[in-house]
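**Student:** Provided below are the primary sequence and the corresponding predicted coordinates.
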Amino acid sequence: MLNELQNQTRRAFLNGAGSGFGAVALASLLARDSAAAPQGNAPGVSGFPNLPVKAKRVIYLLQSGAPSQMDLFDEKPHLKDLRGTELPDSIRQGQRLTGMTAKQDSFPIAPSMFRFARHGESGTSVSELLPHTAKVVDDLCLIRTMHTEAINHDPAITFFQSGFQLAGRPSIGAWLSYGLGSDNDDLPGFVAMISGSGGQPLYDRLWGSGFLPSKYQGVKFRSVGDPVLYLSNPGGVDAATRRQMLDDLSQLNRLKFDQSGDPEINTRIAQYEMAYRMQTSVPELTDLSDEPDHIFELYGEEARTPGTYAYNVLLARRMAERGVRFVQLFHRGWDQHTNLPKGIRTQCQATDQASAALIQDLKQRGLLDDTLVIWGGEFGRTVYCQGTLTKDDYGRDHHPRCFSLWLAGGGIKGGQTYGSTDDYSYNIVDKPVHVHDLHATMLHCLGIDHTKLTFKFQGRHYRLTDVHGNVVEDLLA
């Protein structure tokens with residue numbers, strides 16, 4: 001009798017504690033489930049967009065490891081005459097260095113060994129390493145004065161992704177999914193893909209939802225096996241059986257929701273339903289057999305091979321056509337502390353053609369006007385050499401003070417170069433753009449006032465730009 005009374009009391013406690021330990025335990029279990037399953041179409045926050053909409057979606061080509069701005073976009077021809085000389089103290093100004101070069105006895109100037117030329121009607125200066133990008137410069141807005149606060153990779157890329165250097169905050173795509181919802185019932189609103197080898201680790205939290213509901217997190221597409229984990233039915237389970245299982249499970253979950261009121265239960269229901277629909281939509285999305293040969297000529301033959309950067313970029317265009325709100329490609333391998341001339345050449349060969357092809361392809365399909373494309377890394381590279389400077393080799397350390405990034409489409413004015421750096425590409429001379437400014441401008445293009453899109457967590461209203469950020473009006477069309 002005592003045991004029965006204890007069991008009844010325990011059940012009543014757990015069922016009744018909607019805001020207590022029972023709900024906490026249930027939320028923990030559901031969060032674990034939601035990390036493994038994609039979330040479907042969801043409405044945005046009421047009142048958004050609250051500005052004129054120029055961009056409906058974003059494709060973010062994140063070059064993980066930090067491309068060298070001096071070897072790609074920020075030409076400094078006079079440095080050839082200063083090769084091997086010491087970086088002046090008046091330029092360095094006692095600024096912080098990483099532990100990799102702080103103890104160097106010498107900081108010799110390492111001019112780029114690559115030629116630059118001006119291209120397009122805009123006359124934008126671009127390195128010989130990017131011949132395909134050079135063809136689309138009139139569609140690009142090249143920012144030479146990006147700057148950030150982090151000097152090491154993980155906090156820097158976390159900062160770009162979430163507006164904070166510390167892990168745990170919502171990623172850009174999660175904020176957009178939360179604010180604007182999804183335009184597709186059968187695909188996630190936020191997708192992440194990874195290419196390249198080596199380099200810095202990329203953690204799932206970079207496309208996570210942080211303290212936002214888990215239905216807003218990104219879904220990682222893979223290049224081996226099912227594009228999305230658990231997409232295929234287990235052996236012996238056909239579609240009809242799966243449908244019946246989901247219907248029965250949905251009824252149980254709804255009963256539980258009626259008891260506890262936990263919103264994560266509805267997240268679970270929606271995720272299971274999205275996963276079921278994705279069993280049809282994802283194979284169709286990733287089947288490139290309907291792409292004509294001239295598209296593969298445009299993107300490069302590597303676009304036929306799953307897992308390559310070119311394949312992922314082409315897949316991103318297909319997602320844009322289908323209304324996926326935010327697609328982010330992470331390409332690793334740009335962390336060139338040594339052997340930079342060889343390494344950066346390899347990276348450009350893997351990415352240049354497909355990046356330019358995306359602009360051309362979106363444009364010819366009438367999608368560039370309302371698709372915002374972003375290309376860039378988490379910081380830049382030093383003008384001085386890390387390690388030994390030789391005739392045909394040099395390396396570069398991390399440099400957060402100034403670096404280059406480009407934008408295209410979606411409300412951005414193409415054919416312009418914004419801002420300028422000093423003669424050493426070490427400090428910003430004119431028109432700085434902070435990471436928070438980039439986020440504010442991106443949200444503006446999507447019809448969002450960055451100061452208004454907030455979420456209350458632990459007693460405070462948070463936003464992507466924290467308490468900072470200004471829209472860079474000069475970048476807008």
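**Tutor:** Thanks, I have the structure now.
**Student:** residue boundaries of the helices in the protein?
**Tutor:** For the chain, the helices defined by DSSP state H cover 2-16, 21-34, 69-72, 89-92, 131-134, 153-162, 172-180, 239-260, 263-286, 293-299, 309-321, 340-364, 435-445.
**Student:** remind me which residues of the stretch 351-477 of the chain are low pLDDT?
**Tutor:** Judged against pLDDT under 70, the stretch 351-477 of the chain has no low-scoring part.
**Student:** which stretches of it form strands?
**Tutor:** For the stretch 351-477 of the chain, the strands defined by DSSP state E, counting those that start in this stretch occupy 371-376, 380-381, 398-399, 403-408, 416-418, 420-421, 428-430, 433-434, 455-457, 460-462.
**Student:** distance to residue 59 and mean neighbour count added to these, as CSV?
**Tutor:** Any C-beta I mention is one placed from the backbone N, CA and C, and that applies to glycine too. CSV is the format used below for the strands of the stretch 351-477 of the chain (distance: least, C-beta to C-beta, whole Å; neighbours: other C-beta atoms under 10 Å):
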stretch, distance to residue 59, mean neighbour count
strand 371-376, 5, 24
strand 380-381, 22, 30
strand 398-399, 26, 25
strand 403-408, 10, 26
strand 416-418, 20, 19
strand 420-421, 27, 20
strand 428-430, 27, 14
strand 433-434, 20, 20
strand 455-457, 24, 14
strand 460-462, 25, 12
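**Student:** need those in CSV (columns: distance to residue 108).
**Tutor:** Output for the strands of the stretch 351-477 of the chain, formatted as CSV (distance: least, C-beta to C-beta, whole Å):
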stretch, distance to residue 108
strand 371-376, 27
strand 380-381, 14
strand 398-399, 15
strand 403-408, 20
strand 416-418, 28
strand 420-421, 19
strand 428-430, 23
strand 433-434, 29
strand 455-457, 48
strand 460-462, 44
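**Student:** closest to residue 341 out of those strands?
**Tutor:** Among these, the nearest to residue 341 by C-beta to C-beta is strand 380-381 (12.5 Å).
**Student:** in this protein, which residue is closest to the centre?
**Tutor:** residue 328 (4.2 Å; C-alpha atoms, centre = their mean).
**Student:** from residue 351, how far out is the residue nearest to residue 356 when sequence neighbours are not counted?
**Tutor:** Of all residues not flanking residue 356 in the chain, residue 132 sits nearest, at 3.7 Å (C-beta to C-beta, 6 or more residues apart in numbering). Distance of residue 132 to residue 351, given as C-beta to C-beta, to the nearest Å: 9 Å.
**Student:** so between these two, which is more surrounded?
**Tutor:** Neighbours per residue, other C-beta atoms under 10 Å: of residue 132 and residue 351, the larger number sits with residue 351, 28 against 19.
**Student:** mind listing what residue 415 touches?
**Tutor:** Residues in contact with residue 415, defined by C-beta atoms under 8 Å, 6 or more residues apart in numbering, are 120-122, 124, 137-141.
**Student:** what do you get if the cut-off is 7 Å, keeping everything else the same?
**Tutor:** Shown in contact with residue 415 (C-beta atoms under 7 Å, 6 or more residues apart in numbering): 120-122, 138.
**Student:** give me the neighbour count for residue 150.
**Tutor:** If we define neighbours as other C-beta under 10 Å, then residue 150 has 18 of them.
**Student:** can you check residue 299 too?
**Tutor:** By other C-beta under 10 Å, 25 other residues sit near residue 299.
**Student:** one more: residue 451?
**Tutor:** With other C-beta under 10 Å as criterion, residue 451 counts 12.
**Student:** for residue 342, same thing?
**Tutor:** Applying other C-beta under 10 Å, I find that residue 342 has 12 neighbouring residues.
**Student:** same deal with residue 284?
**Tutor:** When neighbours are counted by other C-beta under 10 Å, residue 284 registers 13.
**Student:** then residue 389?
**Tutor:** By other C-beta under 10 Å, neighbour count at residue 389 equals 16.
**Student:** ok, now residue 243?
**Tutor:** 11.
**Student:** how close does it sit to residue 279?
**Tutor:** Note on residue 243: its distance to residue 279, by C-beta to C-beta, is 10 Å.
**Student:** and the gap between residue 224 and residue 194?
**Tutor:** To residue 194, residue 224 is 12 Å away according to C-beta to C-beta.
**Student:** tell me which of the two has more neighbours.
**Tutor:** residue 194 (21 against 7).
**Student:** mind listing what the more buried one touches?
**Tutor:** Neighbours of residue 194 in contact, by C-beta under 7 Å, 6+ apart: 202, 330.
**Student:** give me that answer again for 10 Å
**Tutor:** Contacts for residue 194 (C-beta atoms under 10 Å, 6 or more residues apart in numbering) come out as 62, 64, 202, 206-207, 220-223, 307, 309, 312, 328-332.
**Student:** next one: residue 416
**Tutor:** For residue 416, the contact set (C-beta under 10 Å, 6+ apart) comprises 122, 124, 137-138, 140-143, 407, 474-475.
**Student:** rewinding a little: adding distance to residue 110, write the helices of the chain out as TSV.
**Tutor:** Formatted as TSV, the helices of the chain follow (distance: least, C-beta to C-beta, whole Å):
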stretch	distance to residue 110
helix 2-16	65
helix 21-34	48
helix 69-72	8
helix 89-92	14
helix 131-134	23
helix 153-162	21
helix 172-180	33
helix 239-260	59
helix 263-286	42
helix 293-299	33
helix 309-321	27
helix 340-364	8
helix 435-445	26
